[in-house]
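1. here is the input, now give the coordinates:
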Amino acid sequence: MKLTLLGTGNTSMLPVYGCDCQACQRAMINSQYRRQKTSALIECNGKKLLLDANCDELLQRFPSGSIDRILLTHYHMDHVHGLFDLRWGVGESIPVDGPPDEQGCDDLFKHSGLLDFQPPLAAFESFKWQGITITPLPMQHSKICFGYYFSYQDLDTESTKHLAYLTDTVGLPKETQAWLEENCVDVLLIDCNHSPEFNHPNRNHNNLTDVVEIVTGIKPKLTRLIHISHQLECWAMQNPDHFSSELCLGKDGEQFSLSKRMN
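-> Next up, the predicted model:
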């Protein structure tokens, strides 16, 4: 199993339109610092699963027949906008899984096209895809939102490895935090939109202090931050000592393998 971060930015991405902050200037000059909206691709046994559908040029990047399944964290527009073009395609239907949100987004459910929306997933009820056990985990967000816990057995080493993908949340519900503390996490990919100083009472995403508290309880072996704002990027540039190889900002295109061989 291999997971690739297709994007690691928040909805404004990086560089932000019209901004001349330190982080945006760097991204304008050097493309390796640019960030698309947060989403990921999972590959296993030659099959592809999209984790949210919002990456840049989705239809060109994934030609017809190359998307086997789509797994949605939630139905905010910045995580599903690629579906609005994809649905009018021609070819075999694509199964789409997501949380129990009856509203969905705009008219996706009413006019689904080739998107085959499956019965809503249930919190903490695991299912399997290509030998991967996937467990939906409730997040704390302004819309019903799931993070996902992926377990995969490496047949070469006969060991099972675990990855948690937790985007769009501010803190974690107590039951989710407790569940993750009781289950091994090798790789944690987690929302961190804000620097530690940003603590607005109505914020909808983690700041770095939230992440540190979550990590302290879960104790993952490796943590990468996702859903990153240009404000956090600036703060990280000015405070590099707060990060390490075990906990740092993720990068677009970064890959994580849960098996000895890259599938």
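2. where does the stretch 151-263 of the chain have low pLDDT?
-> 260-263 (pLDDT under 70).
3. in it, which spans are strands?
-> 159-166, 187-191, 222-226, 247-249, 255-257 (DSSP state E, counting those that start in this stretch).
4. adding distance to Cys44 and mean neighbour count as columns, could you present the ones you listed in CSV?
-> To be clear about C-beta, it is placed using only N, CA and C from the backbone, and glycine gets the same treatment. CSV is the format used below for the strands of the stretch 151-263 of the chain (distance: least, Cβ to Cβ, whole Å; neighbours: other Cβ atoms under 10 Å):
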stretch, distance to Cys44, mean neighbour count
strand 159-166, 12, 21
strand 187-191, 15, 25
strand 222-226, 19, 22
strand 247-249, 26, 17
strand 255-257, 11, 17
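5. in a markdown table: those, plus distance to Leu50.
-> Converted to a markdown table, the strands of the stretch 151-263 of the chain look like this (distance: least, Cβ to Cβ, whole Å):
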| stretch | distance to Leu50 |
| --- | --- |
| strand 159-166 | 12 |
| strand 187-191 | 15 |
| strand 222-226 | 15 |
| strand 247-249 | 22 |
| strand 255-257 | 15 |
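6. for the nearest residue to Gly89 once chain neighbours are set aside, which residues are in contact?
-> Among residues not flanking Gly89 along the chain, Leu114 sits closest, at 5.4 Å (Cβ to Cβ, 6 or more residues apart in numbering). Contacts for Leu114 (Cβ atoms under 8 Å, 6 or more residues apart in numbering) come out as Leu86, Arg87, Trp88, Gly89, Val90, Gly91, Glu92, Ser93, Ile94.
7. how about 10 Å then?
-> Neighbouring residues of Leu114 by Cβ atoms under 10 Å, 6 or more residues apart in numbering: Ser64, Leu86, Arg87, Trp88, Gly89, Val90, Gly91, Glu92, Ser93, Ile94, Val96.
8. who wins for proximity to Lys2 among the strands of the stretch 151-263 of the chain?
-> Closest approach to Lys2 among the strands of the stretch 151-263 of the chain (Cβ to Cβ): strand 255-257, 5.0 Å.
9. mind listing what the closest one pairs with, with the direction of each?
-> Sheet pairing of strand 255-257 (DSSP bridges) gives strand 2-7 (antiparallel).
10. let me know the angle separating the partner strand from strand 159-166.
-> Between the axes of strand 2-7 and strand 159-166, defined by axes from the mean of the first three to the mean of the last three Cα atoms, to 10 degrees, the angle is 20 degrees.
11. going on from strand 2-7, what's the next piece of helix or strand?
-> Per DSSP states H and E, the first helix or strand lying C-terminal to strand 2-7 is helix 22-29.
12. gap between that next one and the chain center?
-> From the chain centre to the centre of helix 22-29 is a distance of 23 Å (Cα atoms, centre = their mean, to the nearest Å).
13. for it, buried residues please.
-> Ala23, Cys24, Arg26, Ala27 (16 or more other Cβ atoms under 10 Å).
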